[in-house]
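Trainee: what would the 3D arrangement of this be:
(2 chains)
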Amino acid sequence: MNISTLSRRSSVMRGLKRRSGRVALYGALAFWTAVVYLPLYWVLITSFKAPVAVAQGTMLPWIDFQPTLAAWKALFTGIQSTALIRAYLNSILVSVGSALITTFIGAMAGYGLNRFTYKIGPMHNDDIAFWFVSQRMLPPVAVVLAYFLLYQNLGLLDTRFGLGLAYVGFNLPLVVWIMRDFFSQIPKDIEESAALDGASPWLIYWKIALPLAMPGLAAAFLLSLVFSFNEYLFALILTTQKAGTFPIMLASQVTGDSIRFWILSALALMNIIPAAAVMILLEKFMRRGLLVGSVK
Amino acid sequence: MNARKKQSGTLFLAPAASLMLVLSIFPLFYSLALTFSDMRIAAQEVHFVGLDNWKRLFSDARFGATLINTFVFVVVGVTAQFLLGLALAVLLHQEFRGRRFFRISFLLPMMMSPVAISFVIGKLLFSEGVGPVTHLMQALGMGPLLWSRSALGSTMLLIAIDTWQWVPLFIVILLAGLQSIDGEVQEAARVDGASRWQTFRYVTLPLLMPLCTVIILIRSLEAFKIIDIIRVVTGGGPGSSTESITTYAYTMGIKNGEIGYATTMAYVLLIAMTIYAVLFLKLARRVSNWKYSDNTPKEVSP
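Mentor: Alright, predicted model coming up:
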């Protein structure tokens, strides 16, 4: 970039080339922006369409169809609204609860793995950290049927507690990994001087390390939250009615021949919007490359 | 002091480690035991059946097909995601106005619920009856869109949805990678007369290679687990042509109640993923060695 700035005026040809480069750049960016937003635009307008407008494939509100709140009203006042609200509540309770517990326990382990030396059998700190991450790589289907049998015996099937517990196991590796990484970037000298003053390790962790790690905690919490909120397989197998989550309800409605697109679009948006909001909150961390290697 | 420090160190790690043992390691070993049993849902008694499940699996043609489907899905999908993600990361690495808007926009799909996305793209946008794509095709005189009766069309749609969602992961990681590479090397190459493309191909890309390897591997291992997109969009159809190992294991385990047999499938998936990871890392090492040895000054000069 610097070199081309130096010789910018030396050649008209280069200027032309740069301009066409700009056009190509913005063209490519515009193309992918369209790829991202077109489906989102379509689901948004469909949720405000009457059934006729859906069938006609109209695309511009107020111009070729009259927007209506019918689908949204049907969601909140229709026959299924109790089931819908329960599923949404389940999703929120299970994902928030499990994300809180996961962050609490995972941050402790991440801190420990960075500040203390462990030796479990032949495994040292790096091996233990890797052992955590490797659990994340396991295909969930390899354990979920075992969960099903165990939960059946323990009476945990179709309970929010049972599902939340499974999500703790599911997200813990991720949180440990993020927090270990995060604590490694926080200087140790304050903690060391506090230790010389006689503060206990636990006090140091609570009063000094944890407040400094707030951004990392927020990122770890939000990621666990979203992954639990979106999770499908565990919820499909471990819940039936009472504790069923929102994705399960959504998925069960889209099969069959007569799909009510307008209502499902509203449902899908309710599932998409919170996660999109979290994405925007997390973008700051991602820009700094903090979450490299920790997102999935 | 030291003993006390050691003790509190254990307290920091113990909760997470013991939870992992209970929630992950134990179910994994329990599953392994199940693969040697005839466990069924609501079974009165369970027998040890030796290798029967494993033998049955090798003669189960439908399982072989799901293995191939899953593999195609992973290889084609992740390759597409990597190439698109790399290209878009390079674009976003340039200086231009509105970078933040484009970056947020491009990352948006990653956090969305796969079930919702599958509905939005697979069922709504590509709906054969009311979708805008089919309307557009008819307007252009190409006739209606019919993917649901074709195995190829259904597979491509599933891959497209997965790609839409996961290109952002490659953008995030590779963009961070590009930003962490020191610009001086590239500038030196440019001063020596290398073109933009040559600089990218022989300087930037080799430096980015280790990160590419890691992220391709991580994403592939995730892609092996596919179930939600399939269940929503194709239901495994037409016939069983888009069934993955996980959807088949779900059908067999929960619908048919044959938990022992379904768990065996899940174990084969685990083994297949391990073999894939080992082979992939071997291949990646060979490719990057070849890249470095290929990287002679002769080729850099214009």
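
Trainee: and the helices in the stretch 101-250 of chain A, which stretches?
Mentor: Using DSSP state H, counting those that start in this stretch, the helices found in the stretch 101-250 of chain A span residues A:125-137, A:141-154, A:160-184, A:189-196, A:201-204, A:210-212, A:214-230, A:233-238, A:246-254.

Trainee: A:L40 contacts B:V120, correct?
Mentor: Yes - counting by Cβ atoms under 8 Å, A:L40 does reach B:V120; the two are 7.4 Å apart. For every residue, glycine as well, the C-beta is placed using N, CA and C.

Trainee: which one's more surrounded, the two?
Mentor: Higher neighbour count among A:L40 and B:V120: B:V120, with 27 against 19, using other Cβ atoms under 10 Å in any protein chain shown.

Trainee: unless I'm mixing things up, that one is touching A:L44, no?
Mentor: No - counting by Cβ under 8 Å, B:V120 stays clear of A:L44, with 9.7 Å between them.

Trainee: tell me which helix or strand A:I259 sits in.
Mentor: Counting by DSSP states H and E, there is no helix or strand that carries A:I259.

Trainee: kindly tell me how buried it is, as a neighbour count.
Mentor: Residues near A:I259, counting by other Cβ under 10 Å: 18.

Trainee: any stretches of the stretch 151-296 of chain A with poor pLDDT?
Mentor: Residue ranges of the stretch 151-296 of chain A with pLDDT under 70: A:255-257, A:286-296.

Trainee: with adjacent residues omitted, what lies nearest to whichever residue of it sits closest to chain B?
Mentor: The nearest approach of the stretch 151-296 of chain A to chain B comes at A:G169, 3.0 Å away (Cβ to the nearest Cβ). Excluding its sequence neighbours, the residue lying closest to A:G169 (Cβ to Cβ, 6 or more residues apart in numbering or on different chains) is B:L23, at 3.0 Å.

Trainee: same check, this time on B:L13
Mentor: A:G112 (4.3 Å).

Trainee: can you give me the helices in the stretch 101-250 of chain B?
Mentor: Using DSSP H, counting those that start in this stretch, helices in the stretch 101-250 of chain B cover B:114-117, B:132-139, B:151-180, B:183-191, B:196-199, B:205-223, B:228-233, B:245-250.

Trainee: and the first one, what does it pack onto?
Mentor: Going back to what we said before, that points to helix B:114-117. Packing partners of helix B:114-117 (3 or more Cβ pairs under 8 Å, 6 or more residues apart in numbering or on different chains; DSSP states H and E): helix A:246-254, helix A:261-287, helix B:151-180, helix B:228-233.

Trainee: and with 6 Å instead?
Mentor: The helices and strands touching helix B:114-117, judged by 3 or more Cβ pairs under 6 Å, 6 or more residues apart in numbering or on different chains; DSSP states H and E, are helix A:246-254, helix A:261-287, helix B:228-233.

Trainee: what do you get for the last one?
Mentor: Under the contact definition 3+ Cβ pairs under 6 Å, 6+ apart, helix B:245-250 sits against helix B:61-93, helix B:259-294.
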